[in-house]
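Have a look at this fold, sequence not included:
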Ligand SMILES: Cc1cc2nc3c(=O)[nH]c(=O)nc-3n(C[C@H](O)[C@H](O)[C@H](O)COP(=O)(O)OP(=O)(O)OC[C@H]3O[C@@H](n4cnc5c(N)ncnc54)[C@H](O)[C@@H]3O)c2cc1C
């Protein structure tokens, strides 16, 4: 491909030689082990995650910031950012999302609040790439309103018995375990929920359906059933009744993960679009000769730079040990509408070709739609910010 437009020299302010080594190694992996297979995986409706994650685990890519005691690299948030940015170069958000579930959505609570037993039994194999993880929060009747969930875990001696279902679960059809948010009490409020690790080979657990989707077609999304699923009480993460709080903290990792792939993939899409409109002749001259289009492109690049700088600010805050809830929420709220606008605008510049499945912008357009829905919709981000600002 063409030069990557919009690569700022300012990057040197944040990243040194070691970061660039990691960047190259992730980029090489994406170029060799992921992008050549994307079309096939999109068509098949899933990727061979056990195979893919094993390769990533062997390279140490699944535990960048996790404790070396459990096989992680123990690196800081800047390295984590480099890793996530490079995943944005995957030519389809289905696979970056599948990887993000493994590294930033289904395992942070295990690492932060899990017992030694849970870390050895589930976190360590997830970091090695020997187990595929999924996170089960959403239900048919409870998405934005997480506290409305009804899947119930009843304590019976030294086991929990789980009944209910989970909807839209990424990696759900291939996962070896699902970190599942369950109700363990009927009391109103946020202390009636628990996060429990459910191995998917437990009797009573089943994948009801692999769901057919608009985008992220290379990622499998499952409807999961729990029918008297008995798991040992030691599979409880942290304290009973605190699962909602743990999940809200875990969402911060998930929402942070959404931001760098948004600005990187949008930047890549702009580069590809510029290549196209430079050579596409309309009314006897290249499309890019139209000032209105060139201006639109640089306006998007300006907004992407703002999003990137907010992200770098978040990383600096993380490294200083500060709470990033406000800034991560703002970043996700800004990223969703921005990537959707750019996806729509780039597709428009391709005209009819943009509407064809074979053109990359068509996949980008379909995938981009999820940013404003998954991991908490834009309106949910706004509600969180209103609460934080006291409005
Ligand atoms: C491809 C895909 C993968 C997913 N992967 C996972 C996963 O791995 N694990 C998991 O647990 N979940 C997953 N989800 C679920 C996702 O997090 C939810 O879809 C999301 O939180 C929205 O919930 P909902 O779909 O139930 O929408 P609803 O809660 O029914 O909301 C519908 C719409 O209402 C609007 N809305 C919500 N609240 C307000 C408000 N206060 N004011 C105004 N408008 C509002 C929003 O625009 C929202 O989109 C996935 C979803 C998709 C589509």
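Nice, thanks for sending it over. Nothing here was measured: the structure is a model prediction, and the numbers come from that model.

so what's residue 318 up against?
77, 324 (Cβ atoms under 8 Å, 6 or more residues apart in numbering). For glycine as for every other residue, the C-beta is placed from the backbone atoms N, C-alpha and C.

got the end-to-end distance for stretch 132-142?
Distance between the boundary residues of stretch 132-142 (Cα to Cα, to the nearest Å) amounts to 24 Å.

One more: stretch 174-192?
Across stretch 174-192, first to last residue, Cα to Cα, it's 29 Å.

I figured residue 331 hits residue 310, correct?
Yes. Between residue 331 and residue 310 there is a contact at 5.2 Å, judged by Cβ atoms under 8 Å.

overlap in contacts of these two?
Residues within reach of residue 331 and of residue 310 at once, by Cβ under 8 Å, 6+ apart, are residue 259.

Neighbour count for those two, which is higher?
Legend: neighbour count by other Cβ atoms under 10 Å for residue 331 and residue 310, higher for residue 331 (25 against 17).

For the closest residue to the more buried one other than its chain neighbours, grab the count of nearby residues.
Spatial nearest neighbour of residue 331, chain neighbours left out: residue 259 (4.5 Å); criterion: Cβ to Cβ, 6 or more residues apart in numbering. The local packing of residue 259 (other Cβ under 10 Å) involves 28 other residues.

mind listing what residue 259 touches?
Neighbouring residues of residue 259 by Cβ under 8 Å, 6+ apart: 307, 310-311, 314, 328, 331-332, 335.

How about residue 337?
Contacts of residue 337 (Cβ under 8 Å, 6+ apart): 372, 378.

Going by secondary structure, it is in what exactly?
helix 325-350 (DSSP states H and E).

Quick one: the helices in the stretch 201-350 of the chain, in order.
Assigned by DSSP state H, counting those that start in this stretch, the helices in the stretch 201-350 of the chain fall at 243-279, 291-319, 325-350.

circling back: what's the angle between the helix or strand just after the helix holding residue 337 and helix 325-350?
Using DSSP H and E, the helix or strand that directly follows helix 325-350 along the chain is helix 360-368. Angle of helix 360-368 versus helix 325-350, following axes from the mean of the first three to the mean of the last three Cα atoms, to 10 degrees, is 150 degrees.

how far does helix 360-368 sit from the chain's center?
On the basis of Cα atoms, centre = their mean, to the nearest Å, helix 360-368 sits 16 Å off its chain's mean C-alpha point.

what's whatever helix or strand comes next after that helix packed up against?
Using DSSP H and E, the helix or strand that follows helix 360-368 towards the C-terminus is helix 378-389. When contacts are defined as 3 or more Cβ pairs under 8 Å, 6 or more residues apart in numbering; DSSP states H and E, helix 378-389 packs onto helix 325-350.

do the helix it packs on and the ligand meet?
No. Counting by Cβ under 6 Å from any ligand atom, the ligand has no neighbours in helix 325-350; the shortest distance is 10.1 Å.

in that helix, what's buried?
325, 327-336, 338-343, 345-347, 349-350 (16 or more other Cβ atoms under 10 Å).

so who does residue 59 touch?
By Cβ under 8 Å, 6+ apart, the contact list for residue 59 reads 25, 29.

again, only this time at 10 Å
Residue 59 makes contacts with 25-26, 28-29, 33, 129, as judged by Cβ atoms under 10 Å, 6 or more residues apart in numbering.

Likewise for residue 247?
Shown in contact with residue 247 (Cβ under 10 Å, 6+ apart): 108-109, 135, 137, 146, 179, 181, 190, 193-195, 237, 254.
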